[in-house]
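[1] below: sequence and its predicted model.
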Amino acid sequence: KLGTLAPVSSPWHDTMLTLGEDWKEISDGDIKIKLYAGGILGDEADMVRKMRIGQLHAAALTIEGLMYIIPEFDVLRMPMMIQTDAELNHVRDELSDYFRDMLEQRGFVLLSWSDAGWAHLFTNAPVVYPEDLNKTNQILFIWAGGSGKRGWMDAGYNAVEVAAPDIFMSLQTGLITTVTTTPIIALSYQWFPAVPFTTDLKAGPLPGAIIITKKKWNKISKAYQPEILEISAKRGKALSEKIVDLESEAIKVMQENGLTLLHAPDDARVEWLEMVETHMYPEILETEVPEALYLQVKDILQAFRKQQQD
Amino acid sequence: MNLWSRGKSSITYAENVTIAVCMLLMAAFPVIEILSRTFGVFGIVGSTDYTRHLTLIIGLLGAIITSREQRHLHIHAVVEYIPDNIRPLVTSIIKGITITVSIGLAWAGLKFIQAEYYSPTKIGQLIPIWIVLIVIPVGYLGVALREFFTMKDVKGQIVALGISTVLILFTWWVSPETISMLIIPIIGGFLLASIVGLPIFAWIGGIALVLFLAEDISIAAISVETYRIVASPVLPTIPLFTLAGYMLAEGGASKRIVELFKHLLGWLPAGPAIATVFVCTFFTTFTGASGVTILAVGGLLLPVLLASGFDRSFSIGLVTATGSLGLLFPPALPIIFYGVISHTPINQLFVAGAIPGLLLLLGVSAYVWFRSTRMNIKKLPFNSRGAWQAVSHAKWELLIPVIALGGIFSGIMTLVETAAVVLLYIIVIGTFVHRDIRIKGQLLEVCVKSSILIGGILIILSVSMGFTNYLVDAEIPSRASTWVTANIDSRITFLLFLNLFLLVVGSLMDIFSATMVVVPIIIPMAAAFNVHPLHLGIIFLANLELGYLTPPVGMNLFLSAIRFDRPLPKVYRDTLPFFLLLLVMVLVITYVPGLVLWLPGVN
Ligand code: NA
Ligand code: NA
């Protein structure tokens, strides 16, 4: 039993169907995946809970769900830190053993990464620099346990806690006028008409993973396990590449329907980074990410960027 | 003995005070949130998180109080007709089953906590979730204890204890395969018990427990669902609006509103009756479909009607029928509830319900006027000074719908925040402006009274989501809809069956239980016949509204019989013309989707 929020016939869903075929082939029909798509088992937190009690065996989660198991995953999407797919993949490869071990300790096995794109800031008026964002403007905070709100408020902005099902209506009525999300989500949930301005500045990635409970994994014959891991990783990689295309396509579709894509020059990037480092990072480092891990990722990135330049 | 009863009454007091404090806190968090963002200061991190977890506490504590007061909802089928000589035995058996199921659900809660113990997630970045989850096993255990200690005779207690011991040992020892083999008789047993008075939460919860046991899936699955739905973001509106409605009905507000409508509408032809229609609609909108309208306002309205020359039969029929009118207007709880369960946008449901709601309201008014032309009615003469006085007395209450509608549709507040503001507003005008709600005595009393309804609803919600979880796990809704689409060939036939089915359900169950049990099953079917989700929602609610008046067991019929001290068959006859009229209008709403879909602008 594998659960996912991804709707039926989305690329994520297709990938999981393909995976089902692969596994069946590898195991000569011993392993069958029963797919519960479109969030019929609840949101990602619910799916994690159902895996813990053994009702669900596997799930394709975004970082939101993964953080219910390991809050430290948040290091991957600290705002303005990781900037490209290459950087994301490199950092993840470097930390792969670390995350795998943590997952194992909590009773899960990592099958594959499965990414959901890059978050951007969507606003109801052009915003390129931090000071463009009106301090009285209201900023969305997606209800998920409080992270982020303190940082925005600390920086003098106005943040509102809104539950996920209320987001659409809150955008319509103007309760919130700014959203941080991926272009694919902004398009598919039709949020963008209310917040029709964005920039090419990436706020951070929305990585994800397909995981299985250790209990179920151990029931799979050792003979099949390596092959299953290999094919899963391969499908995950192919999915990530597909998402890149899908994301630029989503931006194009939204631009045709009234979205304005602004260019953020380098000094804008620097100013945002300064803003989040002073106001957002302290909260994240206090509640989710250990300082040592953050510094490690910073080092990895620095080395990688230098190597890229050479 | 003295110590025992003193201990019992201090537990009662502790339950009452705790639930009142939780309710007021629940109103406070959203209001602080509004203030903080208006003035840009002092935001509470995780404010919505606290609010929604308070719902869990209020729900389970409320369920204990509901047990204490012996007010759990049950099906009104043959309970009233059980012969006196076997009634005590039946009651003890029912108690035994209720206690068993409650203990099973408490056990499920413990297993859930065990699994969640290692979760790193914290509420408001402060409190580990498992700490709040303790309320689940504690709550169900409290229900079991209260069920046991409310029994009057020792002989009955022994029977109940014996039965639950046997049942618990049985489920403990046998294998999943055995339960799986016995599943049909077990479910049959629960259904049989349901019509002789087993509380709805106990038979749904019991069935969910045995289904999961039979499939060898951890029963913690039920608690996972309980947490998922009861601690979901929109759910705090249920306790908040319910309490607001009770405050209105219990304080002096009901008198002021009745006076107001009497003066404003009383001079019309059939004036007092028209005023009744509007007053009852107003109250049902705020109290949901709890019967509060008939109980609280009916007594004020009946004398007015009789004095104006309406005959008793017409008057009682009118109050009974209009006691559920108003379910389709914001912020009526059944709509919010339907939205939560079916994942339909609540604001859109409110918009969709406006025209059908008006149709019912004006239809009944027109009928009332028509009937009155054959009676000798004394109109209430219009008296501008009296009217002005009534308006100025009720001016604070008149603002309530403005706040509620403004909050919901303007975008200044979320739905939960609106509910909190409305509640605080009603408390403030009741205690400080009119001074007819005393903080120490009445506020506590009203909180406890409303918690009986809140607890009764939320405990059913808890278990029925567990039951639905099983259905989804076993892919039953999609299979049922495949079957229906294969065997019913047209949309018209489907809608006809839907009407009949909902009418029966509505006469057996209250609207909240019915929503939880039925909606997940009919949604895929309706989708297969291209019935728009908004249309389905309004059909569902309008049908169930009618279910309150469906003989022999509609809830409003019982309430009227009790409130007005009138034999049931007479109440049936009083209400029948109104029932037929509403039936016609419900059919119109069902077969003319445009009435529902035009205003929200969907097709
Ligand atoms: Na939840
Ligand atoms: Na009913």
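    Received, thanks. Numbering: from 1, shown residues only, chains lettered A, B, ... in the order given. Ligands and ions are numbered 1, 2, ... in the order given.

[2] what about whichever residue of the stretch 101-250 of chain A sits closest to chain B, distance to B:Pro345?
    The nearest approach of the stretch 101-250 of chain A to chain B comes at A:Thr173, 2.2 Å away (CB to the nearest CB). (Glycine included, C-beta is placed from N, CA and C.) Between A:Thr173 and B:Pro345 the computed distance is 12 Å (CB to CB, to the nearest Å).

[3] how about A:Tyr68?
    Relative to B:Pro345, and taking CB to CB, A:Tyr68 is found at 26 Å.

[4] the more surrounded of the two?
    Taking other CB atoms under 10 Å in any protein chain shown, A:Tyr68 and B:Pro345 do not tie; A:Tyr68 has more neighbours (24 against 18).

[5] which residues touch the closest residue to the more buried one other than its chain neighbours?
    With CB to CB, 6 or more residues apart in numbering or on different chains as the criterion, A:Tyr68 has its nearest non-adjacent residue at 4.4 Å, and that residue is A:Val48. With contacts defined as CB atoms under 8 Å, 6 or more residues apart in numbering or on different chains, A:Val48 is in contact with A:Ala59, A:Leu61, A:Gly65, A:Tyr68, A:Ile69, B:Ser119.

[6] and these, which is closest to A:Tyr129?
    Nearest to A:Tyr129, judged by CB to CB, of the contacts of A:Val48 is A:Gly65 at 33.0 Å.

[7] give the contact list for that closest one.
    A:Gly65 touches A:Asp43, A:Glu44, A:Ala45, A:Met47, A:Val48, A:Ala59, A:Gly208, counting by CB under 8 Å, 6+ apart.

[8] the host helix or strand of B:Pro137 and chain A, are they touching?
    Using DSSP states H and E, B:Pro137 falls within helix B:135-149. No: Helix B:135-149 does not reach chain A (CB under 8 Å from any CB of the partner chain); its nearest approach is 12.8 Å.

[9] now do that helix: everything it contacts.
    Outside helix B:135-149, the residues within contact range by CB under 8 Å, 6+ apart are B:8, B:56-57, B:59-61, B:63-64, B:67-68, B:95, B:98-99, B:102-103, B:105-110, B:112-113, B:157, B:160-161, B:223, B:226-227, B:459.

[10] and those, which are buried?
    Neighbour counting with 16 or more other CB atoms under 10 Å in any protein chain shown marks B:56-57, B:59-61, B:63-64, B:67-68, B:95, B:98-99, B:102-103, B:105-110, B:112-113, B:157, B:160-161, B:223, B:226-227, B:459 as buried within these.

[11] which of these are close to ligand 1?
    Among the buried ones among the contacts of helix B:135-149, not one lies near ligand 1 by CB under 5 Å from the ion.

[12] out of those, list just those in helices.
    Taking DSSP state H, the ones among the buried ones among the contacts of helix B:135-149 that sit in helices are B:56-57, B:59-61, B:63-64, B:67-68, B:95, B:98-99, B:102-103, B:105-110, B:112-113, B:157, B:160-161, B:223, B:226-227, B:459.

[13] for the residue nearest to B:Ser410 when sequence neighbours are not counted, phi and psi?
    Nearest non-adjacent residue to B:Ser410, counting by CB to CB, 6+ apart: A:Thr173, 6.5 Å away. Main-chain dihedrals, A:Thr173, degrees, to the nearest 10: phi -90, psi -10.

[14] tell me how many other residues crowd A:Thr173.
    Neighbours of A:Thr173 (other CB under 10 Å): 18.

[15] quick check: it vs B:Ser36, distance?
    19 Å.

[16] with B:Ser232 instead?
    In terms of CB to CB, B:Ser232 sits 23 Å off from B:Ser36.

[17] equivalent analysis for B:Gly407, please.
    B:Gly407 is 17 Å from B:Ser36, by CB to CB.

[18] which one of those two has more residues nearby?
    For B:Gly407 and B:Ser36, the more surrounded residue by other CB under 10 Å is B:Gly407, and the numbers stand at 23 against 18.

[19] buried sites along the helix or strand where that one lies?
    Assigned by DSSP H and E, B:Gly407 falls within helix B:395-410. Across helix B:395-410, burial judged by 16+ other CB under 10 Å covers B:Trp396, B:Glu397, B:Ile400, B:Pro401, B:Ala404, B:Gly407, B:Ile408.

[20] which among these gets closest to chain A?
    The closest of those to chain A turns out to be B:Ile408 (CB to the nearest CB; 9.3 Å).

[21] just to check, the closest one is in contact with B:Phe350?
    Yes: in this structure, B:Ile408 is within contact of B:Phe350 by CB atoms under 8 Å, at 6.7 Å.

[22] intersection of neighbour lists for those two?
    B:Pro330, B:Pro331.

[23] what about the residue nearest to A:Val195 when sequence neighbours are not counted, which SS state?
    Nearest residue to A:Val195, sequence neighbours excluded (CB to CB, 6+ apart): A:Phe122, at 4.0 Å. Secondary structure state of A:Phe122, per DSSP: H, G, I helix; E, B strand; the rest coil, is strand.

[24] can you pull the alpha-carbon coordinates of stretch B:198-218 into PDB?
    The C-alpha trace of stretch B:198-218 is given here as PDB (Å, rounded to 0.1, in the frame of the first residue of the first chain):
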ATOM      1  CA  LEU B 198     -27.100   1.700  21.400                       C
ATOM      2  CA  PRO B 199     -25.600   5.100  21.000                       C
ATOM      3  CA  ILE B 200     -24.500   5.900  17.400                       C
ATOM      4  CA  PHE B 201     -20.900   6.400  18.400                       C
ATOM      5  CA  ALA B 202     -20.900   2.900  20.100                       C
ATOM      6  CA  TRP B 203     -22.200   1.000  17.100                       C
ATOM      7  CA  ILE B 204     -20.200   2.800  14.500                       C
ATOM      8  CA  GLY B 205     -17.100   2.600  16.700                       C
ATOM      9  CA  GLY B 206     -17.700  -1.000  17.500                       C
ATOM     10  CA  ILE B 207     -18.100  -2.000  13.800                       C
ATOM     11  CA  ALA B 208     -14.900   0.000  12.900                       C
ATOM     12  CA  LEU B 209     -13.000  -1.900  15.700                       C
ATOM     13  CA  VAL B 210     -14.000  -5.400  14.600                       C
ATOM     14  CA  LEU B 211     -13.400  -4.600  10.900                       C
ATOM     15  CA  PHE B 212      -9.900  -3.500  11.600                       C
ATOM     16  CA  LEU B 213      -9.400  -6.500  13.900                       C
ATOM     17  CA  ALA B 214     -10.600  -8.800  11.200                       C
ATOM     18  CA  GLU B 215      -8.200  -7.300   8.600                       C
ATOM     19  CA  ASP B 216      -5.400  -7.500  11.200                       C
ATOM     20  CA  ILE B 217      -4.800  -3.800  10.800                       C
ATOM     21  CA  SER B 218      -3.800  -1.900  13.900                       C
END
